[in-house]
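Colleague: Provided below for reference: sequence and predicted model.
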Amino acid sequence: MLDVAVIEDRAAAEASLDPMRSRILAALAEPGSAAMLAGRLGLARQKVNYHLKELERHGLVELAEERRKGNVTERVYRATAASYVISPSALAEVSPDPSRSPDQLSAHWLLALGARLVQEVGALVTGAARARRRVATFGLDAEVRFATAADRTAFAAELTEAVAALVSRYHDESADGGRSHRVVVALHQIPAAPLTAANPVPEHPDQPEQPEPPEPPEQDDRP
């Protein structure tokens, strides 16, 4: 079982988002048969069997073993991963494109960067899993609390300079056999409380008229 599987097919994404199938996927973190799942989830066995076949068809569950019980063969399934991420490629026609309107101060652009990160790393993970190879990656995660908005602006400026200096030092356009890598550094406000319908965005005291929405945790990509 993989730690994380990337769903790139639209039909598989739809199957995983079905509430009943999501419950079955979660339950199959531990292998089980249709009869066992029916007991765990309080569902009819026939209904569980139907959903299992659909999940298996989309590669979200797999056969773990078959057990003979008299004249009956019991099929035991397990989820193919402990958790799943749906790649933006599943909705390629409407997935965000960060090249459309790059703006370092735009939360929407940051979301587009995050979507591209998921799509590209997802493709690497899928290809590596098929080839039974590991993907060389590096992730950097940090948390910083700014005293003022001016400090945050200064931090962003220094971070930009530092990354630009590193890129210019190591980038070699003419290197034979060189491999292109993408570096993404994300900075976002951490919401003070869980988001709800009544509180859709976190408070932003230094810019009350235009609060910034929360973004996904930062991840740098160096495959």
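Modeller: On my side now, so go ahead.

Colleague: What's the per-residue pLDDT of the most centrally placed residue in the chain here?
Modeller: Geometric centre of the chain, nearest residue: Val85, 4.0 Å, by Cα atoms, centre = their mean. For Val85, the pLDDT comes out at 92.

Colleague: Please apply the same query to His51.
Modeller: pLDDT for His51: 95.

Colleague: returning to what we had before: do you know how far the residue nearest to the centre of the chain is from Thr160?
Modeller: Val85 sits 29 Å away from Thr160, going by Cβ to Cβ, to the nearest Å. In this view, the C-beta of every residue, glycine as well, is placed from N, C-alpha and C.

Colleague: packing partners for the longest helix belonging to the chain?
Modeller: Ranked by residue count under DSSP state H, the longest helix found in the chain is helix 107-131. Counting by 3 or more Cβ pairs under 8 Å, 6 or more residues apart in numbering; DSSP states H and E, the packing neighbours recorded for helix 107-131 are strand 2-7.

Colleague: buried ones in stretch 68-82?
Modeller: If you call a residue buried by 16 or more other Cβ atoms under 10 Å, then stretch 68-82 has these buried ones: Tyr77, Arg78, Ala79, Thr80, Ala81.

Colleague: List just the nearest of those residues to Val6.
Modeller: Ala81 (8.9 Å; Cβ to Cβ).

Colleague: what's the residue lying closest to the closest one once chain neighbours are set aside in contact with, if anything?
Modeller: Counting by Cβ to Cβ, 6 or more residues apart in numbering, the nearest residue to Ala81 once its immediate chain neighbours are dropped is Ala5, at 3.4 Å. Neighbouring residues of Ala5 by Cβ atoms under 8 Å, 6 or more residues apart in numbering: Leu60, Thr80, Ala81, Ser83, Tyr84, Val85, Val125, Ala129.

Colleague: and if we set it to 6 Å?
Modeller: Ala5 makes contacts with Thr80, Ala81, Tyr84, as judged by Cβ atoms under 6 Å, 6 or more residues apart in numbering.

Colleague: Would you confirm that Asp172 belongs to a helix?
Modeller: No. Counting by DSSP: H, G, I helix; E, B strand; the rest coil, Asp172 is not found in a helix; it is coil.

Colleague: mind listing the helices for this structure?
Modeller: Going by DSSP H, the chain shows helices at 10-17, 19-27, 34-41, 45-57, 107-131, 149-170.

Colleague: and the second one, C-alpha only, in CSV?
Modeller: This means helix 19-27. In CSV, the C-alpha atoms belonging to helix 19-27 read as follows (Å, rounded to 0.1, in the frame of the first residue of the first chain):
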residue,chain,number,x,y,z
PRO,A,19,-19.6,9.7,0.0
MET,A,20,-20.3,6.0,0.2
ARG,A,21,-17.1,5.0,-1.7
SER,A,22,-15.0,7.4,0.4
ARG,A,23,-16.2,5.6,3.5
ILE,A,24,-15.3,2.2,2.0
LEU,A,25,-11.9,3.5,1.0
ALA,A,26,-11.3,4.7,4.5
ALA,A,27,-12.4,1.4,6.0
